[in-house]
Structure formats: C-alpha cells, structure tokens
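Participant: Predicted model and sequence follow; I will ask about them next.
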Amino acid sequence: MLIVRMIADQSGLETRLDAAMTALDEAGMPVAMAGMLEFCGDVLQLSFPHAELGPVRTILDAHFGTCDMLAADHLIELPRLLVSDMDSTMIGQECIDELADYAGIKDQVSAITERAMRGELDFGQALTERVGLLEGLGEDAIARCLAERIAPVQGARTLVATLKSRGCRAVLVTGGFHHFADAVGEQLGFDRVVGNRLAVAQEKLTGKLAGPISDATTKRATLADERGQLGEGARVLAMGDGANDIPMLQAADYGIAYCAKPKARDAANGRLESGDISAVLKLFDIPENEWVAR
C-alpha cells in the first residue's frame with residue numbers, strides 16, 4: 001500500500017488528476033482511490049495497492065508541480081512525536097552564519113555551511129572548522145544575535161502548539177548550539193532540546209565545542225530514544241532541511257523535508273515547499289479552525 005497526500009491547486013484539478021491517473025495506470029501503478037480529505041478540502045489523497053514513491057512522485061510532479069506532499073505505506077495517522085531540526089527549519093536562519101557576521105566572516109562561514117547542508121562536506125569537520133573561526137568573539141554577541149537576527153519561520157508556533165494540543169511531544173534536535181536552541185525551544189514550546197555547546201572562557205568563544213558533537217547520528221538516536229519511550233505503534237514526524245537530517249527523516253514514519261536541500265528532499269517521504277510550515281497540519285487533516293495560535 002502507498003498513500004500519498006498533496007496540497008493541490010484547485011484550478012483545473014479534475015483535468016490534471018485525470019491525466020495523472022492515466023499516466024500512472026500506463027506506468028503500471030493504478031490508483032485505487034482518489035479524493036479530497038474530509039476536513040482539509042485542498043488536500044488530495046491517492047491510494048495505491050502496489051507502487052513505489054519515487055516513480056509515483058515523478059508522475060505527480062509532472063502534472064501538479066512540486067507541491068507540498070506526504071506519503072506513507074500505511075493509513076496516515078496523527079504523530080505522537082515531533083522531532084525537528086532548528087536552523088532553516090523552525091527558524092529562518094543558520095545561527096552560526098549570523099553569529100559569524102558579528103566577527104566579520106559571515107561569507108566565509110556560510111559558504112562552508114551551505115556545502116555541509118548539501119552533503120558535500122563531512123558535517124563534524126565542517127562544524128569544527130566553522131566554530132574554530134569564531135575564536136575570540138565575545139560571548140555577548142550571542143545574545144545580540146538572538147535578539148537581532150533569529151526569528152521563527154512562519155507558522156512554527158502554530159505547528160508545534162497544535163500538534164501538542166493533540167497529544168504530540170515535541171523535541172528540537174540541532175547541529176547548532178544550545179545558546180540559541182534553548183531560547184528557540186522555549187519560545188516555540190518544545191519539550192526537549194538537544195544540540196551542541198560552544199565553549200566559553202573569559203567571556204569569549206574559545207573556538208571549541210564543550211562536549212561531543214550533535215550530528216546526524218545524534219538526531220537519529222534522539223528520535224529512537226524518544227520513540228522507545230512512547231511505546232509500540234506511536235507514529236513519529238521528523239522535519240529538517242539538510243543532509244545531516246536525512247537519517248532522522250528516514251527513521252521517522254513521516255519525514256518532511258522543509259524547503260530543503262536536494263539530497264534531503266529526495267530522501268524524505270514528505271516535503272513542504274511553501275513558506276508557511278503550519279501547512280503540515282493540512283497533510284494530517286487537522287481543520288484550520290482547530291489550529292492553535294501562539
């Protein structure tokens with residue numbers, strides 16, 4: 001079984017759906033059922049008795065474009081656990097890039113960040129290199145950066161609050177830093193925060209990390225630990241944008257790549273291309289009049 005949900009443009013929907021179903025049938029992947037969700041009328045759900053997501057997604061993209069989408073090999077249920085990346089997912093910035101701007105080296109650091117998020121560099125080595133470039137920066141720059149540069153993406157508060165109102169636990173796990181993530185986690189309502197710690201001495205960054213690196217392995221392990229505490233059958237939603245999120249996205253029942261780098265988007269069984277991250281709630285058929293605003 002394959003269930004695919006996508007937020008579809010209603011303009012000419014019937015014509016495009018007919019064409020897509022014909023193409024899917026010709027490719028040996030006939031649609032068993034098609035219809036709009038009960039509460040979210042702009043979400044189209046397709047059911048396949050036998051199909052693989054990759055080929056299905058290719059055909060659907062040809063007829064509907066790269067719209068927001070979620071797929072699963074089971075009937076889609078509300079998650080009981082959300083595990084999310086922070087930088088460029090729950091917030092619109094990469095904290096280390098913004099912090100580097102206070103040291104006058106943003107371009108140098110952001111170039112490394114971009115390559116690491118695309119999976120072109122080893123994450124741990126790239127992180128160590130970037131943190132080393134911050135040596136000597138005053139610790140007070142962190143508070144200034146938080147206040148002046150860091151902001152949640154559109155819909156982040158609503159997404160977390162609404163899922164929590166439905167009994168979902170929320171965990172923020174980042175390859176970034178507790179100096180930022182603790183504040184962001186509290187602001188958005190996360191129950192737990194996992195991340196790296198910047199070492200500080202005499203009110204200046206030492207260019208080192210205090211403790212082990214929080215990386216892709218940490219993210220997947222955190223998801224597994226949290227899932228284990230919920231018991232058998234608990235569905236898990238993971239969200240992220242970079243290559244270091246891939247193991248976490250693939251371990252979840254629902255891995256949604258948010259405005260993601262190509263490798264992460266291709267590895268996930270869900271994607272969100274629109275800027276408002278609360279659109280995820282539509283994919284779980286939660287009516288907008290029940291969304292929780294914070």
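Facilitator: Structure received.
Participant: got any ranges where the protein has weak pLDDT?
Facilitator: The chain contains residues with pLDDT under 70 at 294.
Participant: residue ranges of the strands in it, please?
Facilitator: 2-7, 33-36, 43-48, 69-72, 81-84, 169-177, 192-196, 198-201, 204-209, 236-240, 254-258, 270-272 (DSSP state E).
Participant: who touches the shortest one?
Facilitator: Residues lying outside strand 270-272 but in contact with it, judged by Cβ atoms under 8 Å, 6 or more residues apart in numbering, are 66, 68-71, 239, 254-260, 265, 279-280, 283. For every residue, glycine as well, the C-beta is placed using N, CA and C.
Participant: Ok, the fourth one next?
Facilitator: Surrounding strand 69-72, the residues in contact under the criterion Cβ under 8 Å, 6+ apart are 2-7, 53, 56-57, 60, 76, 253-254, 256, 269-271, 283.
Participant: Repeat the analysis, applying 10 Å as the threshold.
Facilitator: The set of residues external to strand 69-72 that reach it, using Cβ atoms under 10 Å, 6 or more residues apart in numbering, is 1-8, 43-46, 48, 51-53, 56-57, 60-61, 76, 235, 237, 253-257, 268-273, 280, 282-284.
Participant: rewinding a little: got a markdown table for the strands of the chain, with distance to Thr113 and mean neighbour count too?
Facilitator: Shown next, in a markdown table, are the strands of the chain (distance: least, Cβ to Cβ, whole Å; neighbours: other Cβ atoms under 10 Å):
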| stretch | distance to Thr113 | mean neighbour count |
| --- | --- | --- |
| strand 2-7 | 29 | 21 |
| strand 33-36 | 40 | 12 |
| strand 43-48 | 34 | 20 |
| strand 69-72 | 27 | 24 |
| strand 81-84 | 18 | 26 |
| strand 169-177 | 10 | 25 |
| strand 192-196 | 14 | 20 |
| strand 198-201 | 15 | 16 |
| strand 204-209 | 16 | 18 |
| strand 236-240 | 14 | 28 |
| strand 254-258 | 17 | 27 |
| strand 270-272 | 21 | 26 |
